[in-house]
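1. Turn this into a model:
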Amino acid sequence: MSQDLLIKGFVVLIMSLVFAGTIFFRYDDESRMKSSEGNQQKYLPYISGNLLLSCILAVAIFGVFMFGVQETTKLIISVCFGVFVHTSLYYIALIVTIPLFRKYMSARTCAVLWMLPNYLYITLYSGMEVNAPLVVFHASQNVVRLIFCIWLTGFLAVLLGNIVSHLVFRSNILKNAKDVTNIEILEIWNEKLEAANMRYKKYRLIVSPNAKTPLSVGLFRRKTCVVLPDKEYSLEELRLIFQHEIVHIGREDSWSKFFLLFCTAMCWFNPLMWIAMRKSADDLELSCDETVLLDVDDEDRRRYAELILSTAGDERGFTTCLSASASAMRYRLKNIIKTKTRRSGILVVGVIFFILVMSYGYVALAYGESSTKELIQYWGEAEKFQVEQMYLSTPGQENTIRLECEDEEAFYRYMDDLMAENLTGKYSFSDDRKMLSFICHTSKVRMYIQLSDDIIRILPTDGTKRTEWHFYYLPEGVDWLYLESILIPITTSY
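-> This is a model prediction of the structure:
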């Protein structure tokens, strides 16, 4: 096991413990029936729903300014491929195991598990890379471009189509809606906001003739509205309705639904992802039910169950509503009527978080085959390059051997014909590898180059804006026997 992997494992272990502890203490705060102490909001998101998307957008925007469009395109392909593979595999595994988790663990644990891939954004930072991929898929540049264009078209169609659907639904709900003016209803609403210590208390409370079930609509605080259907509710029913919607708003479940839609759009041609999105929405509702019904009596449980049965309605986009999914109705009612103690599942969340982050990046895509000569010309000019300061390091040997080229033309021909591919993902390649290092330069550009087994690394310097190592995959590997036949040892460096 490499030292880098041990360091990463230690860091991710600490993050897992902190994450699991945060969830535990937030749930502990929610369990208090009295108002939270101080200014601490009672209901907080376990995982923010916009982390991964925000990070990918930031990478794209800053990449264009720092590296240019071509390099940023490669970076986005790399990020999207990694996220696509990892989220697909994760959600397939979760679909299979979620019935078991629902049986023995709390609803909030199940809801959190659907949101864990949001934390894959941390794998995009330095220090989170793995040493080397275990599986490498190969494709030509044209095939990758075609697949990427098809994927991007489907991604935008799913994402933008759902955003438009959400906006249309929101517009229809707010059409002819009126602000609630009944003093008794407003008192209950403000009472619930105060009890939860909501940071923002100016949410609109409205009645809409187009709403069939109580719901919250809006991603941003100032645009969020709590909507009641145009029907009569008892004061006890209103308390349960408001409690339900405040939990959703405090936990930012609308953003959670946006993230789950984003994952579905990322993996739009995987039918299991659409199943996962539906099941995840059910678990968000089940988690909300669990919190609303903390320490309530049987009468309130019965009243809550009747509310869900009598207010089934439509749910589109990123709205959160009291009752929408008929598929989850039976399971929800069963859990509402019959109280059953389940394990918190905090340890399970921490372990799965650790596995999710540690396993990211072991599948890579190599594409766009080109010769090393073409790569060098890409960084510099088309003129013939010169080589100097050649060193060979071998695993198990403490000394580094300095070399000189006995047949320069043969070495240049070998480098010209050595084929390399772009490689998705971030890798340190820091394990013990046989490595040939040398400086390659033309009249204007100087490059540090390293050959090690199946990887070539290039660091362009002198007048270029690029100061980072660029990795390329060598599908045929390095022919060490041939290189050693044309390179002569001079001295041993310590």
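
2. Please count neighbours and contacts with C-alpha atoms only from this point.
-> OK.

3. Identify all contacting residues around stretch 258-276.
-> For stretch 258-276, the surrounding residues in contact (CA atoms under 8 Å, 6 or more residues apart in numbering) are 49-50, 53, 80, 84, 87-88, 91-92, 95, 114-115, 118, 154-156, 158-159, 277, 280, 317-318.

4. likewise stretch 68-85?
-> Contacts for stretch 68-85 (CA under 8 Å, 6+ apart): 56, 59-60, 63-64, 120, 124, 148, 266-267, 360-361, 363-365, 423-425.

5. Quick one: mean pLDDT for that stretch?
-> Averaging pLDDT along stretch 68-85 gives 84.

6. what comes up buried for that stretch?
-> 72, 75, 76, 77, 78, 79, 80, 81, 82, 83, 84, 85 (16 or more other CA atoms under 10 Å).

7. hang on, the earlier thing: filter the contacts of stretch 258-276 to the buried ones?
-> By 16+ other CA under 10 Å, these give 49, 53, 80, 84, 87-88, 91, 95, 114-115, 118, 154-155, 158-159, 277, 280, 317-318 as buried.

8. ok so, going back, the contacts of stretch 68-85 in strands, which ones?
-> 363, 364, 365, 423 (DSSP state E).

9. my guess is the second one meets residue 136, correct?
-> Yes. In this structure residue 364 lies within contact range of residue 136 using CA atoms under 8 Å: 4.8 Å.

10. So for those two, which residue has more residues nearby?
-> When neighbours are counted by other CA atoms under 10 Å, residue 364 comes out ahead of the other of residue 364 and residue 136, with 21 against 16.

11. distance of residue 69 from residue 308?
-> For residue 69, the distance to residue 308 (CA to CA, to the nearest Å) stands at 51 Å.

12. thinking again about what came up before, looking at the buried residues of stretch 68-85, which is nearest residue 18?
-> For the buried residues of stretch 68-85, the closest approach to residue 18 (CA to CA) belongs to residue 83, at 23.3 Å.

13. ok, back up a step: make a ChimeraX selection of the buried ones in the contacts of stretch 68-85.
-> Remark: buried members of those, expressed as a ChimeraX selection using 16+ other CA under 10 Å:
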select :56,59,60,63,120,124,266,267,360,361,363,364,365,423,424,425
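
14. Filter the contacts of stretch 68-85 down to just the ones in helices.
-> Counting by DSSP state H, the part of the contacts of stretch 68-85 found in helices is 56, 59, 60, 63, 64, 148, 266.

15. Widest-spaced pair of those residues?
-> Spatial extent of the ones in helices among the contacts of stretch 68-85 (CA to CA) is set by the pair 64 and 266 at 21.5 Å.

16. Identify the residues contacting residue 219.
-> 252, 254, 255, 318.

17. Just confirm the first one contacts residue 43, I think it does.
-> No. Under the contact definition of CA under 8 Å, residue 252 does not touch residue 43, with a separation of 9.2 Å.

18. quick revisit: go through the ones in helices among the contacts of stretch 68-85 and name the one nearest residue 200.
-> For these, the nearest to residue 200 is residue 56 (28.4 Å; CA to CA).

19. Alright, calling it a day.
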